[in-house]
Every structure is written in C-alpha cells, then in structure tokens.
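[1] return atomic coordinates for the entry below.
(one chain, ligands or ions: 1)
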Amino acid sequence: MSASFTPPWSAKVLTLFPEMFPGPLKYSLAGKALEEGLWTLETVQMRDFAPDKHQSVDDTCFGGGAGMVLRPNVVDAALEHTMAQENKDSKRALIFLTPCGKPFNQAMARHYALNTKGVVLLCGRYEGVDQRVIEQWKEQGMEEVSMGDYILSGGEMAALTLLDACIRLLPGVIGKEESSANESFELGLLEYPQYTRPQVWKNRPVPEELLSGDHKRIEDWRQNQSMNITQIRRPDLWVRYLERMGRKQ
Ligand code: SAM
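    Next comes the predicted model:
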C-alpha cells in the first residue's frame, strides 16, 4: 500500500502583475520554505482572460469619475478557470483583497495557515473591481480581506503580506515552536522588548532582570512589559485581553 500523500499548503494569486511573486517573500522564512516545498505558489495572469485582441482588462467607470475599473467578465473568467481546478475535498479559501474587507489580523493568519489547504487571492488594480463580479463570487464563499485603513495601488502588496503572515505559521517553517508562540498578538498582547549584545550600549544597559539567569524572574518581567506596553499603546487590545482573562477565571 502506498503511503498517503498530503499536498503542501498552496497559494494561487490572480493578478495583472505575476512577476511581483514571490518577490520580497524570497528574502524571508517564506522563501526558504518555498524552496523546501513546505508550500507552493502559482500565479494566474488575469489579462489572459480578456476576450478582445488588445487584451484590455479595464474600462471607464459608470457615473463618471477618474480611474478605470477591472471588467467583470475578465475577472469572472479568471476565477471560473481557477476555481474549476479546485479539488472539492481540499478547497482553498478564496479571498479578494480590498480596503472594504475584514481587517486582517494574526487570528486570521492562523486560521488560513492551519485550518485551510491554502488560499486563492484575487488582486484588484486601478479604481477596483466591478461590484457585480464581487457579489457573484461572494455568494459562492469568497471572503473580502483588508490589510488596513489605507489605500494601496493594487492587491499584490496585500497578498504578499497575507502570505508572509500565514506561511511563517505553517508547521516546520519556524524552527522552534515557541518562536512564534510569544510574538506580538499571538497571546493578545504586544511583545516585550528584546535585547542582544553588547550588554551596555551608549550608556543604555540591558534590563538587569534579563541577566539574572532566574527563569521565573525573566518570565515575570517579560509578561509585565507586554502588559504595560499593550495597555499604553493599544488600549483596544488591552480591553479585549482583560475580557478574555476575566472569562477564563
Ligand atoms: N478605489 C478603491 C477604494 O477607494 O476603496 C481603492 C482601489 S486600490 C487603488 C486598487 C486595489 O488595491 C484594490 O482593488 C484592492 O485589490 C487593492 N487594495 C488597496 N488597498 C488595499 C487594502 N488596504 N487592503 C487590501 N487590498 C487593498
């Protein structure tokens, strides 16, 4: 009997600029993991789905206004082609990157990394994508995700960010389990400050607790720092942390 094979987590990106991938991901843990086959990456050039000989993908906006809009038939044909190849048992999350989407966070990165077989990412450009094709695919489960309250020129940078955040959580990508477990947001708090050699730099010494060799003291110091920093810098996270702690007691 042949050993069962689990395909690696995989990403497919629908874009007008496939040459942007893997781009900066090559210079991170994600790039090394890609070389090692811990995940796979494919791109789909949406321009290939334009029906006319000029391969035009955009048109002016109904109602007037500056900028061009991605045509629904082009985006739909690219999505139809991509999703027709999806295996029903190992369907990936289909995500449209848009400033109107759900704000991305660590919990979502963890969900896509650990609870899905991978992601299919649709990148908009210009003024955006015709609303009708968005609605059509949302009815079939497409999610909308935002990288934050600012406008990027295209969905590609957002896709790269989402991929980087997910891939570092895949099993085997980060050497020691605890390296990601203590990072900011994983426990609902910002991370404590980190220090390296020299022990004193420009008259600034490393906090003495970290030099004590006393693991309990170091852990307590880090926990207190995390709590103080979160309380001061991110009251929104702090309130949620307290609520969670209250519920646990
Ligand atoms: N006119 C749109 C608006 O005001 O919401 C912005 C369009 S933006 C210039 C072009 C494309 O970049 C979008 O369709 C989307 O795919 C991507 N994009 C821009 N900002 C983003 C963000 N914060 N998160 C995710 N994707 C973003």
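
[2] quick one: is stretch 135-144 near the ligand?
    No - using CB under 6 Å from any ligand atom, stretch 135-144 stays clear of the ligand, coming no nearer than 8.7 Å. For glycine as for every other residue, the C-beta is placed from the backbone atoms N, C-alpha and C.

[3] so Tyr112 sits against Ala93, correct?
    Yes - Tyr112 is in contact with Ala93 according to CB atoms under 8 Å; the separation is 5.7 Å.

[4] around the ligand, pick out the residues from the chain.
    97-100, 123-125, 127-129, 146-148, 150-155, 158.

[5] among the residues you listed, name the ones in strands.
    The strands, defined by DSSP state E, take in Leu97, Thr98, Pro99, Cys100, Cys123, Ser146 from these.

[6] coming back round to it: what sits in contact with each of Tyr112 and Ala93?
    Each of Val119 lies in contact with both Tyr112 and Ala93 under the rule CB atoms under 8 Å, 6 or more residues apart in numbering.

[7] which one's more surrounded, the two?
    Relative neighbour count places Tyr112 above the other of Tyr112 and Ala93, with 25 against 19, counting by other CB atoms under 10 Å.

[8] how about low-confidence regions in the chain?
    Where the chain drops to pLDDT under 70, the residues are 1-4, 176-179, 248-249.

[9] spatially nearest residue to the residue in it positioned nearest to the ligand, not counting backbone neighbours?
    Of all residues in the chain, Gly124 sits closest to the ligand, at 2.2 Å by CB to the nearest ligand atom. Spatially, and ignoring its direct neighbours in sequence, Gly124 is nearest to Gly155 (4.9 Å; CB to CB, 6 or more residues apart in numbering).

[10] who are the contact partners of the one you found?
    Contacts of Gly155 by CB under 8 Å, 6+ apart are Thr15, Phe96, Leu97, Thr98, Leu121, Leu122, Cys123, Gly124, Arg125.

[11] with that, I have no additional questions.
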